[in-house]
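*Asks:* With the sequence up front, the predicted model follows.
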Amino acid sequence: MSDTIIGVGKSNLSNAVQAAKEASQIAIEKLKGKKASFALVFATTGYDQEQLMQGFSTILGNIPMSGCSGEGIITPSGSDEGSCIVAVMLFAGTQLPIHNFIASGLKENSYQCGENLAGAINKYHTNGKETLMVFLDSMTVNVTKVLEALEKKLTWNPLIIGGTAGDMMKFQKTYQYHNSKVYTDAITAVMLPSDYKVDWLVSHGCEEVGLEQKVTKTDKNAIVEIDNQPAWEAFRQFLPDNPENFKGEDAFHLCLGEIKQCEAPYGEQLIIRMPVGIDQTTGAVKFSVEIPHGCPIHLTRRDPQVIAENVLTAFKSLLARNQNKKVLAVFQYDCAGRGRVIYGHNVNDILIKPVQQLLPADTPWIGFHTYGEIAPIGNKIFFHNFTAVIAVLFDK
């Protein structure tokens, strides 16, 4: 058994420096006198991000740090989608050699950015069983190209999980953190060592509407036509009042399920895709990933009850298959479209707490509400929307 200790601290103070200090001090108290060796940080964008990092440096010094901004933050106290929330997870122990990385330039060339990241990571892996957590700028990334680069350029096949950063539903600018510095247009990554086992789940609560359709024309990360008609025409007929123009909230009513055949025992899966806008001239619907020509799809809607039931069932199954292992920490990357936008002030009672209550109340738990989630189904890595990705770090 390892000597690893992990502590989580959270603050809602409005002053960025003081909030970072408070969160750090709370987490430090849970380390039982051991010195922190790594920090994982998530915060909302109501803070001055540079001042936030200054506050962490004051308390934590120059220990390695990674993370990003989120639409909301998830801790052992549940989900919080206010404007000023920051949380930090601190790691301490002699058997936890965590490495972290940064690569920028997503907008100019997402593939090259992923390739640069892979090159840096390859220097540190040992036996091919490490886990990567990745956090990306949602406003500038082409996730398809990043994942292609990682799959081709990494010299082994790690478990890759994570999400794209958020900014309180403004869809303007997100932030990535690396060693007390603030970046945009970047990927920050964390490599967890193979001394620990990580198991994960992927869960959504979307149900099909209408008949199966096919993508008949694309342009990079936009669908131009579905069944040979403008993609927006295919979408809007299922939206309330059949609107002329796309609004941000339309994405929370209707999304697209890309039909994928996965390896046994997964079989056919719907990989959920959230539209992020339309081209008014062509009627093309834009996404954060490329959806290939000829791909079979279903338009889908979220069901609040199914969302809650599915993730609870999946987490119970995850714990059952690891019932003799000690839980060290939980990481939760949950879509911004699955929080208070659906459940209002009941999000914790309905969605978050039933899952958290399956483990002791003092379990270190951290995450954020994303603009998209990354995790495998079987051995294939996917970008997801309207999905929960929950990973558990176990002591071997």
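*Replies:* Good, I have the coordinates.
*Asks:* rest of the way, CA atoms for contacts and neighbours
*Replies:* Noted.
*Asks:* Name the helix or strand of this structure that has the lowest mean pLDDT.
*Replies:* Ranked by mean pLDDT, DSSP states H and E, the weakest helix or strand in the chain is helix 250-253, scoring a mean of 72.
*Asks:* Can you give the contact residues for it?
*Replies:* Helix 250-253 has contacts (Cα atoms under 8 Å, 6 or more residues apart in numbering) with Leu239, Met274, Pro275, Val276, Arg301, Arg302, Gly337.
*Asks:* Apply 6 Å and report the result again.
*Replies:* Pro275 (Cα atoms under 6 Å, 6 or more residues apart in numbering).
*Asks:* try stretch 16-36
*Replies:* 5, 7-11, 13, 47, 51-52, 55-56, 90-92.
*Asks:* Okay, now the unreliable bits of the protein?
*Replies:* Residue ranges of the chain with pLDDT under 70: 1, 95, 248, 252.
*Asks:* before we move on, the earlier item: out of the contacts of stretch 16-36, flag the one nearest to His293.
*Replies:* Minimum distance to His293 across these is 41.5 Å, recorded for Tyr47 (Cα to Cα).
*Asks:* do you know how far Asn142 is from Gly162?
*Replies:* In this view, Asn142 and Gly162 are 15 Å apart by Cα to Cα, to the nearest Å.
*Asks:* Now do the strands in the stretch 151-300 of the chain.
*Replies:* For the stretch 151-300 of the chain, strands defined by DSSP state E, counting those that start in this stretch occupy the ranges 159-164, 176-178, 181-183, 186-192, 196-204, 206-219, 222-226, 229-230, 255-261, 268-273, 277-278, 285-286, 296-302.
*Asks:* so how far is the last one off the chain centroid?
*Replies:* What it means is strand 296-302. A distance of 21 Å separates the centroid of the chain from that of strand 296-302, by Cα atoms, centre = their mean, to the nearest Å.
*Asks:* what's the angle between the following helix or strand past it and strand 206-219?
*Replies:* Next along the chain after strand 296-302, taking DSSP states H and E as the criterion, comes helix 304-320. Angle of helix 304-320 versus strand 206-219, following axes from the mean of the first three to the mean of the last three Cα atoms, to 10 degrees, is 100 degrees.
*Asks:* Which positions in helix 304-320 come out as buried?
*Replies:* Buried residues in helix 304-320, counted by 16 or more other Cα atoms under 10 Å: Ile307, Ala308, Glu309, Val311, Leu312, Ala314, Phe315, Leu318, Leu319.
*Asks:* The second one - nearest residue in space that isn't next to it in sequence?
*Replies:* In space, Ala308 comes closest to Leu351 once its chain neighbours are excluded; the distance is 5.2 Å by Cα to Cα, 6 or more residues apart in numbering.
*Asks:* That neighbour should be in a helix, yeah?
*Replies:* Yes. Assignment of Leu351 by DSSP: H, G, I helix; E, B strand; the rest coil places it within a helix.
*Asks:* isn't it right up against Ile307?
*Replies:* No. Assessed by Cα atoms under 6 Å, Leu351 is found out of contact with Ile307, at 7.9 Å.
*Asks:* Is the residue nearest the centre of the chain bridged to anything, and to what?
*Replies:* The chain has Gly163 as the residue nearest its centroid, 2.3 Å off, counting by Cα atoms, centre = their mean. Residues in a beta bridge with Gly163, per DSSP bridges, are Phe135, Glu373.
*Asks:* Quick check: it touching Glu373?
*Replies:* Yes. At 4.2 Å, Gly163 counts as touching Glu373 under the criterion of Cα under 6 Å.
*Asks:* Could you check stretch 84-99 and say which residues are buried?
*Replies:* 84-93, 96, 98-99.
*Asks:* and what of stretch 286-301?
*Replies:* So, applying 16+ other Cα under 10 Å, buried residues of stretch 286-301: 286-293, 296-301.
*Asks:* Greatest separation within the residues you listed: which pair is it?
*Replies:* With Cα to Cα as the measure, no two of the buried residues of stretch 286-301 lie farther apart than His293 and Arg301, at 22.6 Å.
*Asks:* Great, nothing more from me.
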